[in-house]
Structures are given as C-alpha cells and as structure tokens.
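**Q** Turn this into a structure:
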Amino acid sequence: MGEDAAALAALLETAEAVTVFTGAGISTESGIPDFRSPGGLWTKMKPIYFEDFLRSEEVRREAWRRKFESEGRLWDAKPNRGHYAIAKLVAQGRARSVITQNVDDLHRASGVPAERIVELHGNATYAKCLSCGERHEHESFRAAFLERGAIPSCRSCGGIVKTATISFGQAMPEAEMARAQEAALACDLFLCVGTSLTVYPAAAFPAVAKRNGARLVILNRDPTDQDDIADLVIHAGAGDVLAAATRLEV
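**A** Have a look, this model is predicted:
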C-alpha cells in the first residue's frame, strides 16, 4: 500500500460516520468523459439551458438527439474500483451517505443502496415529466424519436418530458440539497473523490463538514481551491487509492 493510501486507510479506520462526495473524476475511470475539463463535453458543444428547453420544441429535439447519440457511452460504462471501494465502505456501515454530482447511476450499480445515494444533479438513466413528476424509461420512446423525431410527452398528463438531470439554469433539487447538508453535518470524516470543488452550491459541503468538526480528505488528480483546509490531500486517480485504502479485492 502506498503512503497516500495508507494515510487514507488510517483515517477511515478511526472514522465512525463517513460521508463520501463524488464528482466526474471517479467516473472518468469508467470511460465516461467529464463536462468542464479541457476536452470535456462542454468544450465540444454548447450547453442547453433549461429555459430554452422549455421554450423551444427544436431545442428539446436537439437535447434528445444529443441524449441518444451519447447514450452508448453511459450504458456501456461499468463501475470501477473506486465505485466498488465506496460500496464496500457503505456495506461495512462506515460510510452512511454518498453525495454525488454524477448522473451515471454507477454508485447504485456498484451496490450502494439507492437510499444512501444523494444525486445532486439528477440521474441520466431515465426521464421525468416536468409537470407531474412521473418517471419514464428512455426505452419507451427511443424508437419513436430515432425513427420519426417524435419528442416525448408524458403519458399521464401530456407534459414536457426531460431526462432526470439538472440542466444549466434549472433549480437544484431542494430535497437532495437538504439531505446533502444533513449528511455533511452528521459525519466525522468527509471524503471528496474526483471533484474539482468549483461548482456551487454543491462545493460548499466540504467546508460545512469541516466547520462542524469533521476531518476532510480530498482525493483528486488536480489541486482544488479547498486543499488548504483539508486534513489530507491526495493528487492521484481515485480507483487505485481507494482500492488500496479499503483493501478491496477485485
């Protein structure tokens, strides 16, 4: 075990209530590109804003075109060692909550119970009606869109259907933000994995936990603006370090 992983293992072994906070950096190791880094998705295409999605049928059509064009990368992705290491911490009862900025559903796929996951930016694996909230599986309208360009509408109320993610300009989910705040205050170790800690209000949670007395660990390939308040900073890939620190056998 390397020095960084050993230091993290020591903190994990003495912690009683760990809250894990993940960003795109954990899922890039599963082949899912991030959004904001050089070469990321938002450097290749203009983001679609929520108000434009609501206003324009053509914008909605473009949003669904992008969704189905990129869906293969998401569906083909599998959890990596970082995800499984976090799932192990949850199974052990050491980690009580996993707050994630990711929309790929890989924490649940790795074995973390859905009730332990706080999805701040939603979930890209299904859709929801913006009027009544009914869940819609993409499979139910994929063929109609690809064959005829038919934009999905809610089967119950006829409302606008959108992938269940938080778009630019869309309000953050109040219930999930409240759950994340509660998890930040309830932990004695706050573990940030693969997040640049630049996207607010989510990036405020590490400082919330630290001010409340929790130890703060930041595991990210690149430096963050919050490295100076952390108890342990590791600049490395998530999978190798987490697997070693948790003695993951995969």
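
**Q** what is the rounded mean pLDDT of the helix or strand harbouring residue 216?
**A** Assessed by DSSP states H and E, residue 216 sits inside strand 215-219. Across strand 215-219, pLDDT averages out at 98.

**Q** contacts for the next helix-or-strand element following it?
**A** Counting by DSSP H and E, the next helix or strand C-terminal to strand 215-219 is strand 232-234. Contact partners of strand 232-234, identified using CB atoms under 8 Å, 6 or more residues apart in numbering, comprise 4, 7-8, 11, 215-220, 223, 227, 241. Placement of C-beta: from N, CA and C, glycine included.

**Q** if you set the cut-off to 10 Å instead, what comes out?
**A** 2-5, 7-8, 10-11, 189, 191-193, 215-221, 223-224, 226-227, 241-242, 245 (CB atoms under 10 Å, 6 or more residues apart in numbering).

**Q** starting at the chain centroid, how far to it?
**A** The chain centroid and the centroid of strand 232-234 are separated by 21 Å under CA atoms, centre = their mean, to the nearest Å.

**Q** What are the buried residues along stretch 239-250?
**A** Neighbour-count burial for stretch 239-250 flags 239, 240, 241, 242, 243, 244, 245, 246, 248 (criterion: 16 or more other CB atoms under 10 Å).

**Q** can you redo those residues as a markdown table with distance to residue 174?
**A** Rendered in a markdown table, the data for the buried residues of stretch 239-250 read as follows (distance: CB to CB, whole Å):
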| residue | distance to residue 174 |
| --- | --- |
| 239 | 33 |
| 240 | 37 |
| 241 | 33 |
| 242 | 30 |
| 243 | 35 |
| 244 | 38 |
| 245 | 34 |
| 246 | 33 |
| 248 | 35 |
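
**Q** In helices only, show me the residues you listed.
**A** 239, 240, 241, 242, 243, 244, 245, 246 (DSSP state H).

**Q** dump the residue contacts of the fifth one.
**A** Looking back up the chat, that one is residue 243. When contacts are counted by CB under 10 Å, 6+ apart, residue 243 touches 1, 5, 80, 81, 82, 84, 85, 88, 249, 250.

**Q** Just the buried residues of the residues you listed.
**A** Burial by neighbour count, judged by 16+ other CB under 10 Å, picks out 5, 80, 81, 82, 84, 85, 88 from these.

**Q** Let me know the closest of these to residue 110.
**A** Nearest to residue 110 among those: residue 84, at 5.2 Å, using CB to CB.

**Q** you'd agree that closest one is in a strand?
**A** No: membership of residue 84 in a strand is not supported by DSSP: H, G, I helix; E, B strand; the rest coil, which gives helix.

**Q** For it, which residues are in contact?
**A** Residue 84 makes contact with 106, 109, 110, 111, 112, 239, 242, 243, 246, 248, 249, 250 under the criterion CB under 10 Å, 6+ apart.

**Q** Turn these into TSV, columns for distance to residue 181.
**A** Below are the contacts of residue 84 laid out as TSV (distance: CB to CB, whole Å):
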residue	distance to residue 181
106	24
109	26
110	24
111	25
112	20
239	28
242	24
243	30
246	26
248	29
249	35
250	33
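
**Q** pLDDT check: weakest of those?
**A** Within those, pLDDT is lowest for residue 250, at 61.

**Q** Quick one, which of the contacts of strand 232-234 are buried?
**A** Buried by 16+ other CB under 10 Å: 4-5, 7-8, 11, 189, 191-193, 215-220, 224, 226, 241-242, 245, out of the contacts of strand 232-234.
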